[in-house]
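*Asks:* here is the input, now give the coordinates:
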Amino acid sequence: MSDLTVAPHERGVLRLFTLDMRPEEAKFLREPGAADQVLGVDGLDPSQIDIFPVSDLEELGLYGYMTEGCGVSADQLDRNALASVDGWVMVLRSAAFNGHPATLNPDPRLRLIGLFTEEATNWIGGIIETESAKPFSAPQTVTAGDTPRRVGSAILALVALLVIGGILWLIL
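*Replies:* As a prediction, this is how the structure comes out:
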């Protein structure tokens with residue numbers, strides 16, 4: 001499988017391209033469907049494609065953008081090679097393909113710098129061994145009967161009837 005082949009349901013992969021074109025042409029690639037044309041595929045999600053001049057990154061640089069902004073681990077990157085990149089670049093995330101397979105046929109003005117993977121979250125956790133994590137370890141509450149509630153309600157109803165009866169006796 002080549003770096004220009006997108007597997008079905010690919011996730012967490014970034015493809016970094018340099019753009020050998022005038023700034024006006026590179027800016028135009030931000031328009032919906034324009035990146036599809038230069039990459040030779042259809043149906044890309046433009047919100048998953050970043051196109052910008054490296055100079056916009058200032059002190060952060062392309063290396064910092066890839067590590068801090070995109071979550072690519074430092075061991076995948078060559079700091080010197082990324083520092084030598086200037087002009088416009090395109091970052092194409094695998095989410096742009098919406099889970100569909102594709103084979104990229106990029107325009108000759110696009111050059112693939114590399115294929116990188118985002119660091120995934122490790123959801124594996126250890127066993128929790130505290131006493132409070134054990135089943136049925138919470139204190140058991142004893143449910144009180146509802147007898148006192150019925151007695152209180154009966155007394156309240158009796159008082160209400162006496163008040164209403166007293167008011168009716170005074171009126172009549």
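
*Asks:* correct me, but S73 touches A120?
*Replies:* No: contact criterion CB atoms under 8 Å: S73 and A120 do not qualify, at 10.3 Å. Just so you know, the C-beta spots here come from the backbone N, C-alpha and C atoms, and that holds for glycine as well.

*Asks:* these two: which has the busier surroundings?
*Replies:* Of the pair S73 and A120, S73 is the one with more neighbours under other CB atoms under 10 Å, namely 12 against 9.

*Asks:* so where's this structure uncertain?
*Replies:* Within the chain, the ranges that satisfy pLDDT under 70 run 1-2, 142-149.

*Asks:* in it, what residue spans correspond to helices?
*Replies:* 23-28, 34-39, 61-64, 79-83, 147-171 (DSSP state H).

*Asks:* kindly reformat these as CSV containing mean neighbour count.
*Replies:* CSV is the format used below for the helices of the chain (neighbours: other CB atoms under 10 Å):
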stretch, mean neighbour count
helix 23-28, 14
helix 34-39, 19
helix 61-64, 18
helix 79-83, 13
helix 147-171, 10
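
*Asks:* now distance to E131 too, for those, in a markdown table please.
*Replies:* Output for the helices of the chain, formatted as a markdown table (distance: least, CB to CB, whole Å):
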| stretch | distance to E131 |
| --- | --- |
| helix 23-28 | 61 |
| helix 34-39 | 56 |
| helix 61-64 | 45 |
| helix 79-83 | 49 |
| helix 147-171 | 34 |
